[in-house]
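S.K.: What follows is a predicted protein model with its sequence.
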Amino acid sequence: MLRARRMKYTGGDAAFMISTYVLLAVFTLSVLYPLVFVLSASVSSADALTRGDVWLWPVGINVDAYTEVFGSPRLVRGFLNSVLYTVLGSAIGTFLTLLAGYVLSRDDLPFRRSLMFFFLIPFLFSAGIIPTYMIVNALGLMNSIWAVVLPGVLNVFNMIITMTFYRLNIPKEMLEAAQVDGATDFRFFFRMAIPLSKPIIAVNVLFYAITQWNGWFNALLYLSDDTLFPLQLVLREILTQSQVDPSMIGGDVSELIRRKELFDKLKYALIVVAMIPPMIAYPFVQKHFTKGALIGSLK
Amino acid sequence: MTSPTTTAPPTPRAPAPGSASRRPTKKHQYPLGLRLKRSWRLYVLLLPPFVYGILFMWAPLYGLQMAFKDFSVALGISGSPWAGLKYLDQFVNSFQFGTVIKNSLILNFYELLALFPLPIVLALLLNVVRNMKFKRTVQLITYAPYFISTVVVVGIIIMLFSPSGGIVNQVIVGMGGQPTDFLSSDFFRHTYVWSGAWQTLGYSAIIYLAALAGIDPQLHEAAKVDGASIVRRIWHIDLPGILPVMVTLLILNMGSMLSVGFEKVLLMQTPLNLDVSEVIDTYSYNVAFASSIPQYSYAAAIGLFKSVIAVIMLVMANWLARRVAKTSLF
């Protein structure tokens, strides 16, 4: 009797629950596998990899691919450029988004609807790559870090999420009370709204940082000076070009050709290096992104 | 931007037809002039995003006129002579037109058919799991690839699926098969769509999970008392409960349909799969930036063509949703 009571599910339900667990487990493992494999491959010995001995765990562990990656001036410079673009992009993006989100959340703003459309129309009807390219060119931003950072740094979707956040979290009464006390809109925004915005600031910073870190297309379009290239663009050249030239890594070319086997392994190491920053940010991101997605869905 | 002398004060918004509550229009009790004077600080706060919007969102829209001009770099956008519909005409009549439109539609409909229902299934399954540790682990791992860059995802595909020594082909050969090029024309679409599933399924499920969490547990309790099985409860309670979210996301997907994945397609494009991988966006990009003679006006016209279709699809999907599911975006 006791046993029967402990069994929560009967017949069809039990079968359904078991298949649910199995399905979810299989899906999770299939998502995880490529990541584990790439990591293992990057620290295995080059010949074990070439022989096909590596399929899950590393074989003959060593880190020479990483020494190579971090010894390449081109990759290190790409990494540092990416850090710079990420910091700039997330700072500017968050600043613009908070300002627009806050002001547009104010019901008493004259022409609020028109201003909303001002941002929504280009969001829904985008001009496309070519006119944007021409404008960036006309603004004289070509081949500068601003061409990488500025286009697309204000995301209208984020702006709407931020606006909804302020609607829900800054009660009108608070504004009215502050106004009675003689606070201006500046004072209210910087002294009261901003300190209450930590969750939405986190969502914005993380969102823009991930976008900048992972971006490569602006750099491809607008940069010709390869000392300005972000890591992703350097990676693209190494990873996705069908003709692989070991000299792209820089350093001593003849020696690299001699160790041609190392080259495949190097690519795995590169993938890992490019994944690390988002993966470090990820546990924080996950919590806030979920919150952000929820706020957004309330719209 | 907004001058009080030339613009009439906005009339109070009429209540939407059918809306139950009539809102008092008290908020416009002061004349517009006074309201503007009082809110100048708000406009100052909005100035940086506004200037940004002019420069990087509206100026490109203004620049879109180059699709109707014989654009020359020397004369600039406004100085170039008008060419009428020449370039749109050229695109519609080009021998590439059929292929490019077909590839865009197939790739995007395939993606929609495969990737729209799956996150819903994932969310419904996760929602019945009672073991919190298991549920959290599944979510933690399946979200993760969403944060990996497109370049890296394509890099992983290239490395793992490479016909010469990729682990997948090693397994295929080990089981007695032939090495397969997963980026070739035959497989390009499958590789594209299913690697997308790998990357985004977990993340796309979030919003449905949120919607599921909002369903009244009493409905489930009542159904349980009546002896409904889990499957029946999912069908009759969970699915109808998340229908509005499904419709909203479907409309949004329809609008962005022709643009999604441009970067990934471009990264996965090789001369060998061009016949299935050339979509509107990559064609426009290639015409402008990858050819020896850049045809900017032609490329802009192609982009415009796409944007117009995208908006038409968005409006149509929205209209359809309002009629069929009584939910709409606008």
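M.R.: Sure, I can see it.

S.K.: so where's the longest helix in chain B?
M.R.: helix B:296-324 (DSSP state H).

S.K.: Buried residues of that one, list them for me.
M.R.: B:296-307, B:309-310, B:313-315, B:317-318, B:321 (16 or more other Cβ atoms under 10 Å in any protein chain shown). The way it works is simple: take the backbone N, C-alpha and C, and place the C-beta from them, glycine included.

S.K.: any idea of the mean pLDDT in the helix or strand hosting B:Leu45?
M.R.: Secondary structure from DSSP states H and E places B:Leu45 in helix B:40-52. Helix B:40-52 comes out with an average pLDDT of 91.

S.K.: Pull up the residues of the stretch 101-250 of chain B that are close to chain A.
M.R.: Residues of the stretch 101-250 of chain B found near chain A (Cβ under 8 Å from any Cβ of the partner chain) are B:122, B:125-126, B:128-129, B:134, B:137-138, B:140-145, B:147-152, B:154-156, B:158-160, B:165, B:167, B:170, B:198, B:201-202, B:206-207, B:210-211, B:229-231, B:245.

S.K.: redo that, cut-off 7 Å
M.R.: Residues of the stretch 101-250 of chain B lying near chain A by Cβ under 7 Å from any Cβ of the partner chain: B:125-126, B:128-129, B:138, B:141-145, B:147-152, B:154-156, B:158-160, B:165, B:167, B:170, B:198, B:202, B:206-207, B:210, B:229-231, B:245.

S.K.: The residues you listed in helices, which ones?
M.R.: Using DSSP H, the subset of those located in helices is B:125-126, B:128, B:138, B:141-143, B:150-152, B:154-156, B:158-160, B:167, B:170, B:198, B:202, B:206-207, B:210, B:230-231, B:245.

S.K.: Going through the residues you listed, which ones are buried?
M.R.: B:125-126, B:128, B:138, B:141-143, B:150-152, B:154-156, B:158-160, B:167, B:170, B:198, B:202, B:206-207, B:210, B:230, B:245.

S.K.: got the contact list for the closest residue to B:Pro145 other than its chain neighbours?
M.R.: Of all residues not flanking B:Pro145 in the chain, B:Gln199 sits nearest, at 4.4 Å (Cβ to Cβ, 6 or more residues apart in numbering or on different chains). Contact analysis of B:Gln199 by Cβ atoms under 7 Å, 6 or more residues apart in numbering or on different chains lists B:145-146, B:148, B:153.

S.K.: what's the pLDDT at B:Gln199?
M.R.: pLDDT, read off for B:Gln199, is 91.

S.K.: same question, B:Trp194
M.R.: 94.

S.K.: which secondary structure element contains it?
M.R.: Per DSSP H and E: helix B:188-213 holds B:Trp194.

S.K.: buried sites along that helix?
M.R.: By neighbour count on 16+ other Cβ under 10 Å, the buried set for helix B:188-213 is B:188-189, B:191-212.

S.K.: now the angle between helix B:150-161 and that helix, please.
M.R.: Per axes from the mean of the first three to the mean of the last three Cα atoms, to 10 degrees, the angle that helix B:188-213 makes with helix B:150-161 is 120 degrees.

S.K.: tell me how far helix B:188-213 is from the chain's mean position?
M.R.: 13 Å (Cα atoms, centre = their mean, to the nearest Å).

S.K.: what's downstream of that helix, the next helix or strand?
M.R.: Per DSSP H and E, the first helix or strand lying C-terminal to helix B:188-213 is helix B:217-225.

S.K.: how about that next one: buried residues?
M.R.: B:220, B:223.

S.K.: which residues touch that helix?
M.R.: Here helix B:217-225 makes contact (Cβ under 7 Å, 6+ apart) with B:233, B:237.

S.K.: The residue of the stretch 201-330 of chain B found nearest chain A - nearest residue in space that isn't next to it in sequence?
M.R.: Using Cβ to the nearest Cβ, the single residue of the stretch 201-330 of chain B nearest to chain A is B:Gly303, 2.9 Å away. Spatial nearest neighbour of B:Gly303, chain neighbours left out: A:Gly128 (2.9 Å); criterion: Cβ to Cβ, 6+ apart.

S.K.: Could you give the number of residues near the one you found?
M.R.: Other residues near A:Gly128 come to 28 when the count uses other Cβ atoms under 10 Å in any protein chain shown.

S.K.: Correct me if wrong: A:Trp57 contacts A:Ser40.
M.R.: Yes - A:Trp57 is within contact range of A:Ser40, at 5.7 Å (criterion: Cβ atoms under 7 Å).

S.K.: picking up where we left off before, check whether the helix holding B:Leu45 contacts chain A.
M.R.: Yes - counting by Cβ under 7 Å from any Cβ, chain A has neighbours in helix B:40-52: B:41-42, B:45-46, B:48-49, B:52.

S.K.: Now list the buried members of these.
M.R.: Going by neighbour count (16+ other Cβ under 10 Å), the residues of helix B:40-52 next to chain A have B:42, B:45-46, B:49, B:52 buried.

S.K.: Turn these into a markdown table, including distance to A:Met275.
M.R.: Formatted as a markdown table, those follow (distance: Cβ to Cβ, whole Å):
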| residue | distance to A:Met275 |
| --- | --- |
| B:Leu42 | 42 |
| B:Leu45 | 38 |
| B:Leu46 | 38 |
| B:Pro49 | 32 |
| B:Tyr52 | 31 |
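
S.K.: which of those lies closest to A:Gly101?
M.R.: Of all these, A:Gly101 sits closest to B:Pro49, with 8.8 Å by Cβ to Cβ.

S.K.: Check which helix or strand the residue nearest to that closest one when sequence neighbours are not counted maps to.
M.R.: Take B:Pro49 and drop its neighbours on the chain: the residue closest to it by Cβ to Cβ, 6+ apart is A:Ala100, 3.8 Å away. Element membership for A:Ala100 (DSSP H and E) is helix A:73-105.
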